[in-house]
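Asker: With the input below, show me the fold.
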Amino acid sequence: MSGSASAMTVGWISDRLFSSRRVPPCVLSLGLLTVMLAAFVPLTATGSTWTMVGVLAVIGFGLYAADALIAGVAAVDSGGTAGAGTAIGFVNGCGSVGAILGGLLPGFLSTTALFYGFAAAAALAGVVMLPHWNRTAVTA
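Answerer: Residues are numbered from 1 along each chain as shown. I've put the predicted structure just below:
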């Protein structure tokens, strides 16, 4: 549920608040994702079902907001009319590697190491995107 809502919300935010720039809402959603992944273990240790539901909902919101823009619109914007397919293929290929690791890592790492590792990866992705904050679409 939060994934669908986040894709629509981040698209609206990107278009209305950031003049169709895709990087600012991506960086902000990755920042939210980083904070919630880092807080996952301490917050879920409370044993509260509603806290767990809330944490997972916010993680889903941050994750799918960034994914919707990076894997979809931003890839097309970056590739332009001639390279949109190549850009989408590259992004989705990287996502496939992530999906493979995402299925394997939980069996090898503790919950704490796993979520802190994911938090570090999300933070790194946001930092890598920061220099492109004011970037606009190739077609704009």
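Asker: Quick one: list the elements packing against the longest helix belonging to the chain.
Answerer: Counting by DSSP state H, the longest helix found in the chain is helix 74-108. Helix 74-108 sits against helix 111-129, with contacts defined as 3 or more C-beta pairs under 8 Å, 6 or more residues apart in numbering; DSSP states H and E. For every residue, glycine as well, the C-beta is placed using N, CA and C.
Asker: Report all helices and strands that the helix it packs on contacts.
Answerer: Applying 3+ C-beta pairs under 8 Å, 6+ apart, we find helix 111-129 packed against helix 23-44, helix 49-68, helix 74-108.
Asker: right, and those - which one's nearest residue 125?
Answerer: Residue 125 lies closest to helix 23-44 among the helices and strands packed on helix 111-129, at 5.4 Å (C-beta to C-beta).
Asker: how close does the nearest residue to residue 11 once chain neighbours are set aside sit to residue 8?
Answerer: Among residues not flanking residue 11 along the chain, residue 68 sits closest, at 6.8 Å (C-beta to C-beta, 6 or more residues apart in numbering). The spacing between residue 68 and residue 8, counted by C-beta to C-beta, to the nearest Å, is 9 Å.
Asker: quick one, which of the two is more surrounded?
Answerer: Applying other C-beta atoms under 10 Å to residue 68 and residue 8 shows that residue 68 carries more neighbours, namely 24 against 11.
Asker: My understanding was that that one contacts residue 4; is that so?
Answerer: No - with contact defined as C-beta atoms under 8 Å, residue 68 does not reach residue 4; the gap is 9.5 Å.
Asker: pLDDT wise, what is residue 71 at?
Answerer: If you check residue 71, the pLDDT there is 77.
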